[in-house]
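Colleague: Turn this into a structure:
(one chain, ligands or ions: 1)
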Amino acid sequence: MDMGLQDKVVVITGGSEGIGFAAARAFIAEGAYTAICGRRKNVLAHAVAELGPRAFGVSCDMTKEDDVHDFARRVFDTFGRIDVWVNNVGATIARKGTWYTGEEIDRTYAVNFKSVVMGSQAAVPYLSRQGGVIVNVASLAARCATSGRATLYGAFKAGVVNFTNTFAGEVASKHIRVVSILPGFTLTPLVRATIAPADLEKQSRTCLLRRAASTEEIAGPIVFLASSQASYMTAASLEISGGRSVTLNPGYSYGE
Ligand SMILES: NC(=O)c1ccc[n+]([C@@H]2O[C@H](COP(=O)([O-])OP(=O)(O)OC[C@H]3O[C@@H](n4cnc5c(N)ncnc54)[C@H](OP(=O)(O)O)[C@@H]3O)[C@@H](O)[C@H]2O)c1
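Modeller: Take a look at the predicted model:
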């Protein structure tokens with residue numbers, strides 16, 4: 001199936017690790033060039049080396065407006081075009097105390113919501129030259145109440161879904177589609193390193209498929225949404241959760 005991505009230029013914010021890195025690899029497999037970013041220079045350099053000659057990396061902080069515009073400009077100066085912009089940066093920031101401090105709220109907002117708005121706005125002048133796609137990485141948490149100490153994560157991800165739909169209307173006349181994905185629990189290197197194996201196993205089994213997603217299983221739908229195969233999709237949200245949202249009972253499963 002032709003995805004129409006050959007020699008297209010794809011920006012993936014925070015593509016030096018995790019879901020973003022897997023997406024970069026998947027776009028390159030479709031013949032695209034990819035530009036990734038991250039704050040840690042060593043991790044970024046390692047990722048670019050692993051992705052090969054079609055990858056380009058810029059060390060920047062997507063919560064800082066100047067960095068965001070500089071990243072977009074450097075990608076355009078390097079490749080002469082931008083066709084796809086994936087707003088992938090995001091993080092579950094757990095509050096330390098009983099309630100959030102103002103600083104924790106600001107940080108959660110900046111990385112999960114502000115980065116998406118700034119990235120989208122920075123991308124439009126380039127995407128609108130020939131038309132393009134913005135893919136926003138939200139989370140299943142946008143649809144559900146979240147537990148633990150990162151309860152604001154879902155609230156800002158819900159904002160990303162709403163922003164996706166509103167922004168899609170604002171840029172449709174420029175031939176830009178805007179879509180979002182809602183991944184469920186995904187086994188990134190960070191998740192593997194920070195969640196105890198017993199908790200990881202427990203959390204992995206709370207969906208119909210009874211396992212967590214691999215990063216490649218999230219990357220595939222990102223590539224599809226950015227491709228010409230999804231040309232009639234805009235203001236759409238795609239859940240990729242192994243059926244998690246339909247299970248009110250976490251222990252629920254057919255076959256047991
Ligand atoms: N993993 C899951 O289970 C899951 C589930 C649902 C949704 N998601 C969403 O999927 C997206 C990717 O998550 P992930 O699990 O793949 O994350 P991850 O493994 O922590 O990777 C995050 C990437 O973003 C970069 N990054 C983080 N903050 C940044 C900033 N301010 N500026 C520039 N780069 C930044 C990181 O590099 P540096 O640290 O070097 O900056 C890294 O390359 C996020 O939006 C997340 O909310 C994840």
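Colleague: Any idea how many residues pack against the closest residue to residue 51 other than its chain neighbours?
Modeller: Using CB to CB, 6 or more residues apart in numbering and skipping residues adjacent in sequence, the residue nearest residue 51 is residue 24, 5.6 Å away. No exception for glycine: its C-beta is placed from N, CA and C like everyone else's. Using other CB atoms under 10 Å, residue 24 has 30 other residues around it.
Colleague: Could you do residue 173 as well?
Modeller: Neighbours around residue 173, by other CB under 10 Å: 8.
Colleague: how near is it to residue 165?
Modeller: 16 Å (CB to CB, to the nearest Å).
Colleague: follow-up on the earlier one: which element is the residue nearest to residue 51 on?
Modeller: helix 18-29 (DSSP states H and E).
Colleague: other SSEs contacting that helix?
Modeller: strand 9-12, strand 33-38, helix 41-51, strand 84-87, helix 215-226 (3 or more CB pairs under 8 Å, 6 or more residues apart in numbering; DSSP states H and E).
Colleague: Give me the distance between the residue in the stretch 51-200 of the chain positioned nearest to the ligand and residue 158.
Modeller: Residue of the stretch 51-200 of the chain nearest the ligand, by CB to the nearest ligand atom: residue 90 (2.2 Å). Distance, residue 90 to residue 158, by CB to CB: 13 Å.
Colleague: how about the strands in the chain?
Modeller: Assigned strands in the chain, in chain order: 9-12, 33-38, 55-59, 84-87, 132-137, 176-183, 186-187, 213-214, 236-240 (criterion: DSSP state E).
Colleague: Reformat these into TSV and put mean pLDDT next to each item.
Modeller: Shown next, in TSV, are the strands of the chain (pLDDT from 0 to 100):
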stretch	mean pLDDT
strand 9-12	99
strand 33-38	98
strand 55-59	98
strand 84-87	99
strand 132-137	98
strand 176-183	98
strand 186-187	96
strand 213-214	97
strand 236-240	98
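Colleague: In terms of neighbours, single out the busier of residue 90 and residue 158.
Modeller: Taking residue 90 and residue 158 together and counting by other CB under 10 Å, residue 90 has the greater number of neighbours (26 against 18).
Colleague: Quick check: nearest residue in space to that one, chain neighbours excluded?
Modeller: Per CB to CB, 6+ apart, closest to residue 90 is residue 112, 4.8 Å.
Colleague: Next, the contact list for the nearest residue to residue 31 once chain neighbours are set aside, please.
Modeller: The shortest distance from residue 31 to any non-neighbouring residue, by CB to CB, 6+ apart, is to residue 6 (3.7 Å). Contacts here follow CB atoms under 8 Å, 6 or more residues apart in numbering; on that basis residue 6 touches 30, 31, 32.
Colleague: ok, residue 123 - contacts?
Modeller: Taking CB under 8 Å, 6+ apart as the definition, contacts of residue 123 comprise 11, 72, 82, 85, 132, 134.
Colleague: Any chance of the residues you listed in a markdown table with neighbour count and distance to residue 195 as columns?
Modeller: A markdown table is the format used below for the contacts of residue 123 (neighbours: other CB atoms under 10 Å; distance: CB to CB, whole Å):
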| residue | neighbour count | distance to residue 195 |
| --- | --- | --- |
| 11 | 33 | 29 |
| 72 | 24 | 34 |
| 82 | 25 | 35 |
| 85 | 29 | 30 |
| 132 | 26 | 36 |
| 134 | 27 | 30 |
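Colleague: Dump those into TSV; add distance to residue 118 as well.
Modeller: TSV is the format used below for the contacts of residue 123 (distance: CB to CB, whole Å):
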residue	distance to residue 118
11	13
72	10
82	15
85	11
132	17
134	12
